[in-house]
Each structure stands twice: as structure tokens, then as C-alpha cells.
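Undergrad: Could you look at this predicted model? Sequence included:
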Amino acid sequence: MKSTVETLSPTRVKLAIEVPFDELKPSLQKAYREIGAQVQVPGFRRGKIPTAVIDQRIGRGAVLNEAVQEAIPQQILAAVREHEVKTLGRPEVEITELTDGEPLKFTAEVDVRPEITIPDLSAITVTVPAVAVGENEIDEQINGLRERFATLKTVERPAADGDYVQLDLRATVDGQEVPGGSATNISHEVGSKQLLPGLDEVLVGMSAGDETTFTTELVGGEFAGREAEVHITVRTVKDKQLPEIDDDFAQLASEFDTLEELRNDLSERLTRVKKVEQIYAARDEALKQLVEAADIPAPEGIVKDEVEGRKQALTDQLERIGASLEDYLSSEDKTEEQIDAELTEAATEGVRIQLLLDTVADAEDVQVSDDEFGHEIVHRAQRAQMQPQQFYDQLVQSGAAPSVFSDVRRGKALAWVMEQVTMKDSEGTTLSLEELREDAEDHEGHDH
């Protein structure tokens with residue numbers, strides 16, 4: 001085999017490969033064996049058909065094609081090793097010459113890992129917002145708890161926004177009942193816009209026992225887009241009563257005896273959440289600065305695959321909730337081109353970060369232990385609601401296990417990076433990853 005390599009860009013090369021016909025012989029024999037095992041020819045036992053008969057029945061061209069498809073990946077691998085090319089992703093192959101008995105000539109374009117110089121990490125300073133919990137944020141949490149412990153009390157007065165009503169409703173189009181358009185004794189919060197358009201406006205001012213009819217446009221079902229007459233009867237009007245905010249409320253809504261203890265606990269919880277957010281903000285800022293400083297080019301083939309993967313995941317997600325990409329585009333008021341551009345931007349940034357972390361992992365000789373890899377498998381299996389062994393077997397079958405391994409290695413490289421850079425909050429306090437982690441873990445112990 002002879003091969004040459006041509007650099008097309010910092011992230012892409014083109015291999016030109018020529019394979020003497022003799023070197024294809026093992027692949028040809030294998031192709032004859034495989035085809036011979038699949039076809040039936042009267043008078044011959046399966047797998048014992050002479051090559052001349054296969055040429056006559058199937059065609060020498062088909063055998064040659066099969067042999068070449070088998071030989072090409074091996075030849076690319078040999079050329080990659082010879083030229084010490086760090087490939088990424090799948091090669092794009094073009095056969096330039098294929099004649100029986102003559103050398104096979106083909107080219108393979110493939111993305112390669114660009115040469116990356118890791119910037120001086122100690123020179124990078126990341127600033128994140130200081131952690132502060134305002135009284136108003138604690139009030140918000142208290143109000144959320146009050147809502148959860150609210151009680152409903154029947155009142156003898158017309159309904160107003162925020163009240164709950166028990167009601168019957170029946171929808172008809174041209175006198176014909178709408179399938180699924182009737183309900184009895186349902187509870188509805190006035191002003192919540194949870195039911196039909198126009199209903200909340202009609203309910204304001206109605207009392208128990210009142211009836212009325214209004215018109216609304218149906219959004220789903222076989223009558224979608226048609227005007228429907230909706231007859232409603234109000235059974236009861238209930239007033240939502242929120243508990244007083246005092247020590248009794250603290251005892252009702254938590255394990256604490258006093259309101260002060262409850263507020264202190266909520267303050268601690270919010271602080272903890274913000275500390276975790278601080279770690280993520282520092283991580284994102286550090287990576288952004290590093291990727292810019294290292295000026296990393298993103299291989300187009302890898303980005304294209306990543307965009308296709310992300311788009312497919314989005315489509316699958318939408319299908320699961322019974323929607324399509326078209327529905328999503330109209331709800332977001334975006335064109336497919338805009339979504340593609342957004343996905344490309346996100347994928348490009350993601351690929352650049354991966355390349356940076358892979359380079360750091362190589363430079364620092366980051367190793368992943370069996371325990372660390374196993375821990376990640378268990379974690380992902382839980383998220384997928386599967387047994388770890390079953391999840392791992394699926395990964396191996398789909399060929400995705402190495403990418404999970406790479407993710408763990410990149411995670412370790414990232415932790416190392418975060419220890420090298422300087423992190424400060426907006427008040428000028430220097431933060432350490434260790435302290436932030438310990439804070440989060442300390443409190444986790446209190447939570448459980």
C-alpha cells in the first residue's frame with residue numbers, strides 16, 4: 001500500500017491511498033466465502049460453491065465491491081498509523097479507480113485533532129457573582145409554602161380572580177356535542193387560564209347556581225378552529241385562604257418550631273443552591289476564556305454529526321409529547337434555519353471544549369479508574385431508569401462505551417483546570433473549588 005496525506009485545514013486532512021491488487025486477495029476470498037454462504041445454487045452445497053459459479057450467478061463486480069468495502073477501513077487505519085494522524089469522526093471515502101486486477105485507488109477525507117497549545121492557566125482569573133440571599137427571596141419561598149397549605153372555604157358571593165369555583169360545562173358546535181367537551185363538578189381557579197379561552201372573563205361576577213353560555217374557539221380535536229357554544233353552571237364559589245405567617249405556620253409547614261428557624265433554614269438552602277450555581281458559573285466562564293485563548297478550530301465533520309444528533313434528539317423529544325418540529329418552530333416563532341444556526345453554534349462550542357479538555361487530559365496523563373467509570377455507568381443507568389448491567393450492555397452494543405469513558409476523563413481534566421485557574425466572586429473574595437465542594441457536601445449531610 002502507498003499513501004500520501006494532504007492537509008486541507010487545521011482540522012481536516014485528505015489521505016490518497018493506492019492498494020496493489022494482490023493485497024486485496026484476502027478480502028476477495030472472504031467476500032467469496034460470505035456470498036457463497038448466503039446464496040443457494042442447485043447442485044451445490046451452501047458454502048461449497050466454486051468462485052466461477054458465483055461470478056456467473058452474482059457477478060464478479062459485486063464480489064469485488066464487497067471485498068473493497070471490507071478492505072478500505074483496514075487500509076485507512078494503516079495509512080493513519082503510518083502518517084501518525086489523530087483522526088476524529090468518520091472518514092468520507094471516494095473510490096477513484098476500481099478495475100479488476102488493477103490497483104485500488106481511493107481518497108479518504110477525515111477530521112483530525114488540531115494542534116492545541118494550552119494557555120497558561122494560572123494567568124486566567126474568573127469572576128462570578130457573590131452569593132447573597134435577600135429577604136425577598138426568603139419571602140418568596142415562604143409564600144410558596146403558604147400556597148401549598150392554603151385552604152378553600154365556600155363563600156356566598158360572586159366569584160373574583162383567584163377564587164376557586166366548582167362548575168359543570170358542556171360544549172356544542174351547531175347543536176352537536178363536542179367529544180370530550182363536557183365535564184361535571186370540576187374545580188377551576190378563576191384567572192388561571194387553565195381551561196377554555198374566554199371562560200375566566202365570564203366567571204368573574206357569577207355566583208353559586210348561576211348559568212350562562214359563551215362562545216370560544218376550539219384548539220384541539222375534530223372541531224379544532226371552529227366556534228363552540230359553551231354552557232356553564234357554577235355550583236360553588238370558594239375563597240382561597242392562606243395561613244398567617246407565624247410560629248404555628250412554621251410548625252404546620254416544616255419540622256421547625258419557630259418562624260425564625262424556618263427562615264434560617266430556607267436561607268441556608270438558598271445559599272447552598274447559589275454555591276452550586278457559583279461552581280457552574282465559574283466552570284462556564286473558565287472554559288469560555290480558555291477556548292478563546294487557545295483559539296481552537298472546530299472540525300466541521302464532527303460539528304455536523306453533533307448538530308444532526310442534537311436535532312434528532314430534539315425531534316424524538318417532541319414526538320414523545322405528541323408534537324412535531326413544525327409545532328415547535330411555530331411556538332418558538334423561529335425558522336428551521338435559525339434552529340440549525342443555534343444548534344451549530346452550541347455544537348461548535350461543545351466540540352471546542354471537548355478538544356481542549358482532551359488535550360489537557362493527554363498533557364496531564366489523566367487516567368480513569370474502573371471505579372470511576374463504573375460510578376458514571378451507575379449514575380447514567382439511574383437517570384435512564386435501567387439496571388446498570390443492562391445499561392452497560394446496551395452501551396457496548398451501540399459502541400457508545402468509549403464516549404462515556406471520554407466524558408469521565410474530560411470531567412477529571414476539567415476539575416484539574418478549575419484547580420489551576422483563579423476564581424473570585426464579585427466582592428473580590430478568592431474561591432477554591434475544594435471549599436465550594438465541601439460547603440455543598442456539608443449541607444447535603446444536613447439535608448438527608
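TA: Received it, and whenever you're ready, just let me know what you need.
Undergrad: From here on, just use CA atoms for contacts and neighbour counts.
TA: Fine.
Undergrad: Against which helices or strands is the helix or strand containing residue 414 packed?
TA: Per DSSP states H and E: residue 414 is located in helix 401-420. Packing partners of helix 401-420 (3 or more Cα pairs under 8 Å, 6 or more residues apart in numbering; DSSP states H and E): helix 336-363, helix 370-383.
Undergrad: Quick check: next helix or strand after that helix?
TA: strand 422-425.
Undergrad: can you list contacts of that next one?
TA: 122-130, 282, 430-432 (Cα atoms under 8 Å, 6 or more residues apart in numbering).
Undergrad: where in this structure is pLDDT low?
TA: 436-448 (pLDDT under 70).
Undergrad: Report the inter-axis angle for the longest helix belonging to it versus helix 401-420.
TA: Ranked by number of residues, the top helix in the chain under DSSP state H is helix 259-294. Interaxial angle, helix 259-294 versus helix 401-420 (axes from the mean of the first three to the mean of the last three Cα atoms, to 10 degrees): 100 degrees.
Undergrad: Show me what counts as buried in helix 259-294.
TA: Of the residues in helix 259-294, 259, 262-263, 266-267, 269-272, 274-275, 278-279, 281-283, 285-287, 290-291 count as buried by neighbour count, 16 or more other Cα atoms under 10 Å.
Undergrad: and the closest residue to residue 387 other than its chain neighbours, what is it in contact with?
TA: Closest residue to residue 387 apart from its sequence neighbours, by Cα to Cα, 6 or more residues apart in numbering: residue 381 at 6.1 Å. Residues near residue 381 by Cα under 8 Å, 6+ apart: 387-388, 391.
Undergrad: What segments of the stretch 151-300 of the chain are helices?
TA: 199-203, 247-253, 259-294, 300-320 (DSSP state H, counting those that start in this stretch).
Undergrad: hang on, the earlier thing: let's have the helices and strands packed on helix 401-420 in TSV, adding distance to residue 246.
TA: Shown next, in TSV, are the helices and strands packed on helix 401-420 (distance: least, Cα to Cα, whole Å):
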stretch	distance to residue 246
helix 336-363	48
helix 370-383	40
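Undergrad: Minimum distance to residue 6: which of these has it?
TA: helix 336-363 (21.7 Å; Cα to Cα).
Undergrad: List buried residues within the contacts of residue 381.
TA: 388, 391.
Undergrad: Of the contacts of strand 422-425, grab the buried ones for PyMOL.
TA: Here is the PyMOL command that picks out the buried ones among the contacts of strand 422-425, judged by 16+ other Cα under 10 Å:
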select buried, resi 125+126+127+128+282+431+432
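Undergrad: nearest to residue 254, of the contacts of strand 422-425?
TA: So of the contacts of strand 422-425, ranked by how close each gets to residue 254 (Cα to Cα), first place is residue 130, at 28.6 Å.
Undergrad: Could you verify that that closest one is part of a strand?
TA: No - applying DSSP: H, G, I helix; E, B strand; the rest coil, one finds residue 130 to be coil, outside a strand.
Undergrad: Torsion angles phi and psi at the residue nearest to residue 51 when sequence neighbours are not counted?
TA: Distances taken as Cα to Cα, 6+ apart place residue 32 nearest to residue 51, at 6.7 Å, with adjacent residues excluded. Per-residue torsions, residue 32: phi -60, psi -40 (degrees, to the nearest 10).
Undergrad: what sits against residue 32?
TA: 51, 54, 63.
Undergrad: Kindly provide the distance from it to residue 53.
TA: 10 Å (Cα to Cα, to the nearest Å).
Undergrad: Also residue 146?
TA: 85 Å.
Undergrad: who has more neighbours, those two?
TA: For residue 146 versus residue 53, the count of surrounding residues by other Cα atoms under 10 Å is larger for residue 146: 19 against 14.
Undergrad: right, and that one touches residue 240 too?
TA: No - if you go by Cα atoms under 8 Å, residue 146 and residue 240 don't touch, sitting 10.8 Å apart.
Undergrad: Mind listing what's buried along stretch 194-213?
TA: In stretch 194-213, counting by 16+ other Cα under 10 Å, buried: 199-200, 203-204, 206-208, 211.
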